[in-house]
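A.B. asks: Just need the structure, nothing else, for what follows:
(one chain, ligands or ions: 1)
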Amino acid sequence: MKALEGVKILDFTHVQSGPTCTQLLGFFGADVMKVERPGVGDATRKQLVDVEGADSLYFTMLNHNKRSLTLNTKTEEGKKVLEKMILECDVMVENFAPGALDRMGFGWERIQELNPRMIMASVKGFGPGPYEDCKVYENIAQCAGGSASTTGFRDGPPLVTGSQIGDSGTGLHLALGIVTALYQREQSGKGQRVLAPMQDGVLNLCRVKLRDQQRLKAGPLKEYSQFGEGVEFGEATPRAGNDSGGGQPGRILKCKGWEKDPDAYTYFITQAAVWGNVCEVIGKPEWKEDPNYATPAARLPRLNEVFETIEAWTMTKSKYEVMDICNPLNIPVGPILSMKELAEEPSLRETGTIVEVDHPERGAYLTVGCPIKLSDSDVDVVRSPLLGEHTDEILSDVLGYDAAGIQKLKDAGAV
Ligand code: COA
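C.D. replies: Here you go, the predicted model:
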């Protein structure tokens, strides 16, 4: 038995944010039925194509554990099928541009009328307010949610991050909203609306930067390297390069081979509790007692010097040697791992976080399996569906159409 077995999801999502949410629900055992426009499907099927004629990795890696039903919801027959789906399903998930569902005739009021137990979950770029009608993609959310302003180096432009915190991050927020609403429905018997705006999701993930915004009123942010460099703070939380976002100073430092290998770096944290071990490892035992270095407060104005000294040591070791030496001493460090290294990492394969999947059009490819592990709900990663692969199956098994009825829908161009 899987955690969400029996939960039926009408998956009206596309691109990345919505599909990451429904894929997670699928990993946990929900029956995710993806509704796609006949002949077209999710736009990502044909974006960033690497194997001509096959669904792209962009699509396949975001749509495992789903069934695909093609349906033209702009035809009368198609609308009737959608109504039946709404009656049958527990959750409808969508991330259309604002207003698209209303134009289709399936706004929240109509959904409630059809099925009061339905949970209707949406990703939008912005919540209610001046920008609620805007279309939004990943990087816009990163910019509007505070991430870009606080990412990068002080003397450079704002930067977006490779982590898809706007899309996949909001998909995660939405998935939590959905299972919470399902839990509440157990008591209330009613469905509800779940809204996860991308701006809000990114801001939630940037919570510590709003913390720093308020701390600025009390003076300079002493753990930021700009403090030690004597650079004045402005009115807003600045970009802090690779400074640690918490109370234990850290930096990315070069390791042996950095001149040729772009990933020969380690993250090194000078956790106060193990300062003595750090001093021993880097060959500065005298810093343990020296009042200029012995306490976290004394070190704050000298972080550049401290990290330059540590780096002189890390540059003599590979990133893995740094790990091997520091871990037994409880010094928190982490190698900068490339995608190539992660793809080849055996332990991630063993835990099912990196999975090799076979696909009829493209052959074997790697994907990220379920990153959340439940001890009583195993995850089998099932390849993404071809466009309309399960149309007949869903129409007959879930909605009760017979062969003649299905043919009629096909003739009408509804499926
Ligand atoms: N049958 C018939 N029509 C369908 C359909 C189906 N099965 N599925 C979708 N459509 C129609 C919609 O009704 C809509 O039509 P309309 O604009 O005429 O009313 C149209 O397809 C396109 O929908 P839209 O969401 O506007 O797509 P887009 O490609 O123009 O915009 C986004 C893409 C992502 C920018 C936009 O959907 C958006 O802002 N979504 C919310 C935020 C979000 O999730 N962004 C991140 C995406 S990773």
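A.B. asks: Now do the one helix or strand T367 maps to: everything it contacts.
C.D. replies: In the assignment (DSSP states H and E), T367 maps to strand 365-368. Applying CB atoms under 8 Å, 6 or more residues apart in numbering, the contact partners of strand 365-368 are L57, T60, M61, H64, A343, T353, I354, V355, E356, V357, H359, V381. Just so you know, the C-beta spots here come from the backbone N, C-alpha and C atoms, and that holds for glycine as well.
A.B. asks: so which of the residues you listed is the most crowded?
C.D. replies: Of all these, the most densely surrounded is H64 (25 neighbours; neighbours counted as other CB atoms under 10 Å).
A.B. asks: list the buried ones in stretch 172-183?
C.D. replies: L172, H173, L174, A175, G177, I178, V179, A181, L182 (16 or more other CB atoms under 10 Å).
A.B. asks: Out of these, list just those in helices.
C.D. replies: Judged by DSSP state H, these include L172, H173, L174, A175, G177, I178, V179, A181, L182 as members of helices.
A.B. asks: correct me, but the first one touches C21?
C.D. replies: Yes - look at L172 against C21 with CB atoms under 8 Å: they come within range, at 7.2 Å.
A.B. asks: Where does the residue in the stretch 201-350 of the chain that the ligand sits nearest to fall, secondary structure wise?
C.D. replies: Closest approach of the stretch 201-350 of the chain to the ligand (CB to the nearest ligand atom) occurs at G201, with a separation of 10.6 Å. Using DSSP H and E, G201 sits within helix 198-205.
A.B. asks: now I9
C.D. replies: Assigned by DSSP H and E, I9 falls within strand 8-12.
A.B. asks: What of A3?
C.D. replies: When secondary structure is defined by DSSP H and E, A3 falls outside every helix and strand.
A.B. asks: Quick check: closest non-adjacent residue to it.
C.D. replies: Spatial nearest neighbour of A3, chain neighbours left out: S377 (3.9 Å); criterion: CB to CB, 6 or more residues apart in numbering.
A.B. asks: which residue sits closest to W275 in space, ignoring its chain neighbours?
C.D. replies: Leaving out its chain neighbours, the residue that sits closest to W275 by CB to CB, 6+ apart is K288, at 7.1 Å.
A.B. asks: So what touches stretch 237-249?
C.D. replies: Residues from elsewhere that reach stretch 237-249 (CB under 8 Å, 6+ apart): 149-154, 156, 158-159, 208-210, 212-213, 216, 221, 223-226, 250-252, 267, 269-272, 296, 299-300, 303, 306-307, 332.
A.B. asks: Using CSV, list the CA coordinates for it.
C.D. replies: The C-alpha atoms that make up stretch 237-249 are tabulated as CSV, following Å, rounded to 0.1, in the frame of the first residue of the first chain:
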residue,chain,number,x,y,z
THR,A,237,19.9,43.1,2.6
PRO,A,238,23.0,43.0,0.4
ARG,A,239,24.3,40.1,-1.8
ALA,A,240,26.7,38.1,0.3
GLY,A,241,28.6,35.9,-2.2
ASN,A,242,29.2,32.6,-0.6
ASP,A,243,29.0,33.8,3.0
SER,A,244,27.0,31.4,5.2
GLY,A,245,23.4,32.5,5.7
GLY,A,246,23.5,31.5,9.4
GLY,A,247,25.5,32.2,12.5
GLN,A,248,28.4,29.9,11.7
PRO,A,249,30.7,31.6,9.2
